[in-house]
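Asker: Here is a sequence with its predicted model. Questions after.
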Amino acid sequence: MRGSEEKEKKITTGTGNSGTYALLLVSLVLLVLGGLMNWGPEISPGYIFMALCSAFVITGIIGIVRYFMNDEFRRLDSYGFSAGCMMVILGVCGFVRVEEVSGYFVTIIGLTVIATGVVALQSALDLSRMKDVLWIPVLILAVVMTAAGVFVLMNTALDETVMNWIMLLDGGASLLILLYLAIRLHFYNKEAEKLGDVPRVVIFDMDGTLIDTEKIYRKVWPETFSEFGYEMTDEDFLALRSMGRPYSLEYIEEHFGKGAREDYDRMRERRGELFNAYIAEHPIEPRPYAAETLDRLRKKGYRLALATATDEKRTEDYLTKTDLKKYFDKLICATEVKRGKPAPDVYLEACSRMGVKPEEACAVEDNPNGLRSAHDAGMKVLFVPDLTGETDETGEYSDKTFKDLKELGDYLCR
């Protein structure tokens with residue numbers, strides 16, 4: 001296991017670095033100049049170019065200062081100093097040759113607009129990684145900005161009014177994208193800090209979490225009880241899910257009488273017959289995204305274990321039939337411990353076999369009994385509902401809820 005010192009890396013987009021400041025200043029220059037050239041006094045291309053050069057020099061100086069003030073020079077992969085120097089040199093050279101270079105004013109503006117469009121494309125990809133719904137509109141806007149820059153670059157005799165509007169709109173769009181990205185990234189990282197570090201050991205429940213068996217039990221358990229002369233309600237079935245033997249016997253005696261408790265072993269045997277008859281015609285299937293999520297977690301460096309209320313033989317059989325066994329380092333069944341779920345024994349045993357403390361692992365469960373088991377073991381508990389959704393009880397025992405295993409994988413692998 002990678003220790004708690006290995007922190008979950010936040011998504012960063014360059015906010016606050018030299019490149020961002022350069023884009024900010026260039027966008028402001030384009031916005032201001034576009035507005036002035038549309039509605040203000042006439043400005044010569046030389047002054048406009050000098051403003052752009054000033055933006056580069058100022059940004060370069062800021063980058064150099066930040067490089068030393070933020071201790072970036074201590075990192076081997078930091079290039080703030082070289083980037084800052086490059087911007088200062090380009091800006092100074094531009095000042096020296098302003099008369100000659102300003103003759104290529106339209107070309108320079110075209111290249112500048114293309115640059116802002118390309119950066120906007122990267123912003124769209126950053127928003128996509130954060131699952132932001134606006135990433136597609138930003139992507140479309142970025143493509144339009146890039147195309148506008150190409151249009152300016154390829155039309156050296158472009159009408160001045162058209163170019164002014166392109167500068168104005170491009171500068172404004174770039175500023176809006178920068179502002180939105182900064183806000184979105186701020187809240188994204190706040191959420192990451194709130195959730196804390198994600199443990200590198202994940203212990204899954206099986207039935208209802210990884211394989212779609214709960215719906216079968218929901219069918220055959222009431223049929224079994226009916227054959228023995230008892231009426232099992234859906235509420236009874238849901239209450240008994242993943243419940244270990246001592247607790248299930250107490251529940252059955254309390255709700256169905258001592259006779260049902262005495263019949264329990266024979267009912268379990270009959271339930272097994274009905275279950276096997278059903279899966280002979282309807283093979284067991286994994287839950288949606290189960291294999292995909294387990295594969296992603298393994299490739300991301302997670303170590304995986306299974307903690308289930310099902311006995312060893314059926315656990316091996318079900319995992320083999322669904323081709324999920326290969327993803328797990330350890331398989332732990334409640335029949336191997338003194339007390340089954342909702343007692344914490346099976347999860348404590350799983351953590352012990354994985355060589356971690358409970359607080360160094362997280363559990364993935366689909367029902368209240370399993371959630372309570374993992375919670376009482378002291379683990380971080382992730383809830384992926386199957387037959388029932390969120391309730392006050394699941395909220396008490398779980399740290400976070402996901403609509404499906406894919407969303408769980410996105411969270412753990414981000």
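Answerer: Cool, the structure landed. It should be emphasised that the depicted structure is a prediction, and the values quoted were computed from it without experimental measurement. Residues are numbered from 1 along each chain as shown.
Asker: how much space between the residue sitting furthest away from the middle of the chain and Glu273?
Answerer: For the chain, the C-alpha lying farthest from the average C-alpha position belongs to Glu99; by CA atoms, centre = their mean, that distance is 51.4 Å. Distance, Glu99 to Glu273, by CB to CB, to the nearest Å: 94 Å. The C-beta positions use only the backbone N, C-alpha and C, and glycine is treated the same way.
Asker: after the helix or strand harbouring Leu297, next one along is what?
Answerer: Secondary structure assignment for Leu297, by DSSP states H and E: helix 290-299. Of the helices and strands lying after helix 290-299 in sequence (DSSP H and E), the nearest is strand 303-308.
Asker: Only alpha carbons, please: show the helix holding Leu297 as PDB.
Answerer: Extracted as PDB, the C-alpha positions of helix 290-299 are listed here (Å, rounded to 0.1, in the frame of the first residue of the first chain):
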ATOM      1  CA  ALA A 290     -18.200  -3.700 -12.500                       C
ATOM      2  CA  ALA A 291     -15.400  -5.200 -14.600                       C
ATOM      3  CA  GLU A 292     -14.500  -1.800 -16.100                       C
ATOM      4  CA  THR A 293     -14.300  -0.100 -12.600                       C
ATOM      5  CA  LEU A 294     -12.200  -2.900 -11.100                       C
ATOM      6  CA  ASP A 295      -9.800  -2.900 -14.000                       C
ATOM      7  CA  ARG A 296      -9.400   0.900 -13.800                       C
ATOM      8  CA  LEU A 297      -8.700   0.700 -10.000                       C
ATOM      9  CA  ARG A 298      -6.000  -2.000 -10.500                       C
ATOM     10  CA  LYS A 299      -4.300   0.000 -13.200                       C
END
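Asker: Can you check what angle separates that helix from strand 303-308?
Answerer: With axes from the mean of the first three to the mean of the last three CA atoms, to 10 degrees as the criterion, the two stretches helix 290-299 and strand 303-308 enclose an angle of 140 degrees.
Asker: Give the rounded mean pLDDT of helix 290-299.
Answerer: Model confidence over helix 290-299 averages 95 on the pLDDT scale.
Asker: mind listing what's buried in it?
Answerer: Applying a neighbour-count criterion of 16 or more other CB atoms under 10 Å, the buried positions in helix 290-299 are 290-291, 293-294, 296-297.
Asker: Kindly reformat those as CSV containing distance to Pro385.
Answerer: CSV is the format used below for those (distance: CB to CB, whole Å):
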residue, distance to Pro385
Ala290, 15
Ala291, 20
Thr293, 15
Leu294, 19
Arg296, 20
Leu297, 20
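Asker: Looking at those, which is nearest Gly171?
Answerer: Nearest to Gly171, judged by CB to CB, of the buried residues of helix 290-299 is Arg296 at 40.6 Å.
Asker: Surely that closest one and Cys413 touch.
Answerer: Yes. Here Arg296 lies in contact with Cys413, judged by CB atoms under 8 Å, at a distance of 5.2 Å.
Asker: Run through the protein and note the low-pLDDT ranges.
Answerer: Counting by pLDDT under 70, the chain contains low-confidence residues at 1-22, 43, 45, 71-79, 191-199.
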